[in-house]
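1. Okay, predicted coordinates and the sequence, questions at the end:
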Amino acid sequence: QVQLVESGGGTVQPGGSLRLSCVMSGVESGTIFSLFTMAWYRQAPGEQRYSVARITGTDRTNYVDSVKGRFTISRDNAKNTVYLQMNSLKPEDTAVYYCYAESQINSRTNYWGQGTQVTVSS
């Protein structure tokens, strides 16, 4: 059974940094993981969940405008892991961050992590 487990959330002051990690288990490392597009979504209280950053198996990336230049998504296919480096954090970045995996072969095959809380506050 495929599972996504996030870590790295917490509370940080404005201007600070956090690095989120998401490990996929239940699949073979390396080749199979590389067939998934990985993404980070976030959801603040009372708001809809939306994609913050995405990375394909060939390392093509895209970001929502509000995080461009501050957040960096990356992946290590040998470790079945995707990362989100978040710098220059702002209070409006406060949300639950979710890891998402979507098969590049069949988009109906997708998985969600349980979420990790990120709070930016002084």
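-> Structure's in. What do you need? Numbers count the residues shown, from 1 in each chain.
2. Report the beta-bridge partners for the residue most central in space within the chain.
-> Centroid-nearest residue in the chain, with Cα atoms, centre = their mean: W40, separated by 2.8 Å. For W40, the beta-bridge partners are A53, C99 (DSSP bridges).
3. Contacts only, for it.
-> W40 makes contact with 20, 22, 51-54, 73, 82, 84, 97-100, according to Cβ atoms under 8 Å, 6 or more residues apart in numbering. Placement of C-beta: from N, CA and C, glycine included.
4. Closest to Q117 out of the residues you listed?
-> Within those, the smallest distance to Q117 is 7.8 Å, found for Y97 (Cβ to Cβ).
5. and the strand or helix carrying the closest one, what does it pack onto?
-> For Y97, the enclosing helix or strand under DSSP states H and E is strand 95-103. When contacts are defined as 3 or more Cβ pairs under 8 Å, 6 or more residues apart in numbering; DSSP states H and E, strand 95-103 packs onto strand 3-7, strand 18-25, strand 36-43, strand 110-112, strand 116-120.
6. how about a cut-off of 10 Å?
-> Secondary-structure packing of strand 95-103 (3 or more Cβ pairs under 10 Å, 6 or more residues apart in numbering; DSSP states H and E): strand 3-7, strand 18-25, strand 36-43, strand 50-55, strand 81-86, strand 110-112, strand 116-120.
7. Including mean pLDDT, could these go into JSON lines?
-> Compiled in JSON lines, the helices and strands packed on strand 95-103 are given as follows (pLDDT from 0 to 100):
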{"stretch": "strand 3-7", "mean pLDDT": "96"}
{"stretch": "strand 18-25", "mean pLDDT": "97"}
{"stretch": "strand 36-43", "mean pLDDT": "97"}
{"stretch": "strand 50-55", "mean pLDDT": "98"}
{"stretch": "strand 81-86", "mean pLDDT": "98"}
{"stretch": "strand 110-112", "mean pLDDT": "95"}
{"stretch": "strand 116-120", "mean pLDDT": "98"}
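8. Since that was my last question, I'll sign off now.
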